[in-house]
Each structure stands twice: as structure tokens, then as C-alpha cells.
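> have a look; sequence and predicted model below, questions after that.
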Amino acid sequence: MHFEQFYLGCLAHASYLLVSGGEAMVVDPQRDVDIYLDAAKKHNATIRYVFETHLHADFVSGHKELAERTGARIYIGPNGGATVSHVEVSDGFEVKMGTVKVSVLETPGHTPESICLLVTDLEKSAEPWAVLTGDTLFVGDVGRPDLSKAFTPPVLAGILYDSLQSKILTLPDYVAVYPGHGAGSLCGRSLGTSRSSTIGTERLTNYALQIKSREEFVEQLTTNLPPRPEYFPHDAQINRAGAPALDDLSQLEPVSAEELKSHLEAGGVAIDVRASDEFAAAHVPGSISIPLSGQFASWAGTLVGLTSRPVLIADSAEQLSEARVRLARVGLDEERGFLQDGVKGWEKAGFQLASIEKITVRNLNQYLQSGRFHVLDVRRQSEWQAGHIEGAAFHPLDEFKASLPQMDRSEPIAVICKSGYRSLIASTLLRRAGFQNVVNVIGGFDAWQKANLPVASDTTVAA
């Protein structure tokens, strides 16, 4: 048996390929599917099976394109309302490929149709070797229960508890756990950084599996959930029907500086995908920085939405191509175009460029002593509670689309996150909204702690 995990850092998404006896199975494919076709070819196998552990809300699946290009069948659990051509599977359904047996476990809770896949390598043992848990069980966490229109979060949380107790936790401790997401995903709250685990390790260390009663589990799973991006329901609906192939997307057209200026003045969106330092030094006023170096697609979907039709600003054709694929992975398929000649084209047209000041944590600490700056922390709730700067205001970047911080727009504001990536995005959104004096904290709270500067904890000050 050949088993391979494909990890897509920008979405914290894990997908899988299993190969045996000249046949292959793909589980939870990303939208751009050539990686699976290439891997199957390398192992002289034909993809026959495409399994979805559930109808994903945080990314657009490539299941339809993969099936069309290979002749494979799509397999989805019950109660999802999928309309794409598929085989509905439930408890006991099995697939055999060569020496590999894959068995379906119905594990609703994250979503009504969630399943897990139990993998047995019959060449080595008659006992299961691994379980692909989708978003039912993560390393250090479990799936959030608030992504269904048909069930309330408390109802789904109770169902998830039952699935974990009656299905997942009955597996032997040695069974390997391969989840659908890793740290940074919004499908849970505190996912670990490891990309696999074991049932035994999760039984001992996963906070959600330590909860003894169903009632307490429901309460904990439905309290302080991170905001659900508005694009999540749209992606789930796209996946129900199946997304068009990437090659079917329209050509990205150039936009002149004059056209972009009019677009921005009318409230339109421009996303600058260049590196943070390049954006900070010179950018189109009113544009939003979301660098390709981080979780670009997730933040674009969260902060601008799928119908925003942004103009992209980049340094090269390669950056534009990468940005387009990554945006398509979350369902943002209809960009307005790209700024012709990038920021140079803007400057050539006679328009002024803007910049964003940066500040070190040591300088920030000095300025705070004299009251020169207000600090805005844009990390997530769990990060804030673990430690923050005394007196800082707190407003997670996840919530910026719903509401901006309630702060004086003329006062100097130093924006901080964990490392500087999210704080730059937040700074550009604040500048776009009319905040006049915004600086970005270099290195973020990681740098603050490394410099042994004072840290407070627990108390929340909302902005």
C-alpha cells in the first residue's frame, strides 16, 4: 500500500491518496487536482474512488473535476443534500483495492453527513491501521458544530459527542489519526500543529475527549466559538453541486490605474498580494494587503467575501497565477482583473502611493510609557487569553468584516498580532476605513515575548 498526505498550508487542509493493486483513492481533494493525478501516475495507478468525509465549508473541493477526468465515483455520507453525481455511503460500506480495505464510519456532528474512513492494510494485519477523521477529530480538538442550517449547534454538538464516544473512542489506541485540517483552520478552535496522531494520544491529550458528560461537552463546544466566515455556507453549497474545473475560469483581464482609482472610489476592493515589506513601503491607497506568504485564501474569503470582485495587485504574472488558484480554492472565482504594471503603473499614471509605518516592540514599549500609542490586538480569543499587552484593546481580525474596532480614528494606533501578518492586513483595513495614524508592530506578540516585555492575561478589553 502507498499512503500519502497532501498538506495545503494556506488552508491548513490535509487530503490523502491511497494506492494498492493498481487502483487509487483520493480523500477530501483540494480544488486543483493535478497533484493527485500526477501522484497516481507515478505509482502506476488509476484513481477509482473519491471520498468526501463531509461537504466542506472552508474550501472548494475538486471532487467533480477529479471524477470527470478519471471516471472515478464520488462517495459522500448521508443527509448532506449533495446533488453532484455520487454514491451515498453509510456504516459498513467497504472498498477493497488490492491489499487495502477502507470501511466507512458514520460520525455526524461537525456536519450531518460527516464520515470517517477506517483503513486496513491486509498485507500487514487484519486489524485497522489508521482512521481518516475529516473534521470529526483533529489533533488536539474536534470539529465545530455550528455549520448546519438544519440543526442547532447544541444538537450537533450532542450528536458529535455520541459519534466520538460510540465510534472513534472504541478504536484501539495504536490506530493512527489523520485529520482533515491542522493548526490555523477555522473548523475548530485549538488545533495542534502535528499533522497526525493516534487514538491513544488523543484520548489522553485532546481536551474535548477529556469531557466526561454529554451536557458539559455540548456547553464547551458551543461556547466562545470563533466567528464563522460568511463564505463558509457558500463553499458548502458549491461542494453540494460540484465546482467547475479551474480551466473553465475566465481570463484575468488588465485594469488601468484610472479604472482602479474609480473602482476604489466607488467602494470596490483591491487586494495586494505582494510581500509585507513591499506593501508597507509603497502601495495603492485603499488597497488591502493579504500577502501570499500566509493563509491568503482564508483571509481573502473571510474579509472581502466571494462576491467582492477584487482587483489584484502583484509584482509578476507568477504571483497573479498563484493568487488566482488560491482564491479559487475558497470559491472566489470572479476577480475584476489585475492592476496593469502593478504599483509602477499606478505611479506612472501620476497617482501617489501610500506607505505604512512599522515599529519594533522595544520602541512600542517605550512609547507606551509616555502614552504615545494605543495598542490594538487582532489575534484570536485563545491567543489573547494566553497573554497580551497590558491596556491593549482587543478586536480579532476575523470580526473586521462584521464590525471595525470602536476607537478614535485620529489617535495613534499600533496594531499587533502573533507575528505581523494579520496586523498588517488589519492596518490596511483600518486605513481604508479612515483611521489616520496606524502603525504595524514588527514581529508581533512573538517578538514582544522574546524581548521579555511585560505580559498580562485573561482580562478582555473589546474594541
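That came through fine. Note that the coordinates shown come from a computational prediction; the quantities given were computed from them, not determined experimentally.
> chain neighbours aside, what residue packs nearest to Gln334?
For residue 334 the amino acid is Glu, not Gln. On the basis of Cβ to Cβ, 6 or more residues apart in numbering, the spatially nearest residue to Glu334 that is not a chain neighbour turns out to be Arg309, at 5.6 Å. Heads up, the C-betas are built off the backbone N, CA and C, glycines and all.
> repeat for Leu147
That would be Ala57: by Cβ to Cβ, 6+ apart, it lies 5.1 Å from Leu147.
> touching, the one you found and Asp235? I think so.
Yes: Ala57 is in contact with Asp235 according to Cβ atoms under 8 Å; the separation is 5.3 Å.
> where do the contact lists of these two overlap?
Residues touching both Ala57 and Asp235 (Cβ atoms under 8 Å, 6 or more residues apart in numbering): none.
> helix, strand or coil for the residue nearest to Glu334?
coil (DSSP: H, G, I helix; E, B strand; the rest coil).
> how much distance is there from the helix or strand bottoming out on mean pLDDT in the chain to the middle of the chain?
Here the helix or strand of the chain ranked lowest by mean pLDDT, DSSP states H and E is helix 381-386, holding a mean of 90. Relative to the centre of its chain, helix 381-386 is centred 19 Å away, using Cα atoms, centre = their mean, to the nearest Å.
> stretch 364-380 now?
Put simply, stretch 364-380 sits 29 Å off its chain's centre (Cα atoms, centre = their mean).
> okay, buried residues for that stretch please.
Across stretch 364-380, burial judged by 16 or more other Cβ atoms under 10 Å covers Leu364, Tyr367, Leu368, Phe373, His374, Val375, Leu376, Asp377, Val378, Arg379, Arg380.
> wait, what's in contact with the closest residue in space to the fifth one that isn't next to it in sequence?
Using Cβ to Cβ, 6+ apart and skipping the chain neighbours, the partner closest in space to His374 is Ile413 (5.2 Å). Applying Cβ under 8 Å, 6+ apart, we find Ile413 in contact with Phe373, His374, Val375, Leu376, Met407, Leu430, Phe435, Asn437, Val438, Val439.
> which of these fall in strands?
Assigned to strands by DSSP state E, the following of these qualify: His374, Val375, Leu376, Val438, Val439.
> rewinding a little: got the buried residues of stretch 364-380 as JSON lines, with distance to Ser293 and pLDDT columns?
Shown next, in JSON lines, are the buried residues of stretch 364-380 (distance: Cβ to Cβ, whole Å; pLDDT from 0 to 100):
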{"residue": "Leu364", "distance to Ser293": "23", "pLDDT": "96"}
{"residue": "Tyr367", "distance to Ser293": "28", "pLDDT": "92"}
{"residue": "Leu368", "distance to Ser293": "29", "pLDDT": "93"}
{"residue": "Phe373", "distance to Ser293": "26", "pLDDT": "90"}
{"residue": "His374", "distance to Ser293": "28", "pLDDT": "94"}
{"residue": "Val375", "distance to Ser293": "24", "pLDDT": "97"}
{"residue": "Leu376", "distance to Ser293": "22", "pLDDT": "98"}
{"residue": "Asp377", "distance to Ser293": "21", "pLDDT": "98"}
{"residue": "Val378", "distance to Ser293": "17", "pLDDT": "98"}
{"residue": "Arg379", "distance to Ser293": "18", "pLDDT": "95"}
{"residue": "Arg380", "distance to Ser293": "19", "pLDDT": "90"}
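> the residue nearest to Glu334: neighbour count?
Using other Cβ atoms under 10 Å, Arg309 has 16 other residues around it.
> any idea how far Gly342 is from it?
Remark: distance between Arg309 and Gly342 (Cβ to Cβ, to the nearest Å) = 19 Å.
> repeat that for Glu399.
In terms of Cβ to Cβ, Glu399 sits 31 Å off from Gly342.
> thanks a lot, see you next time.
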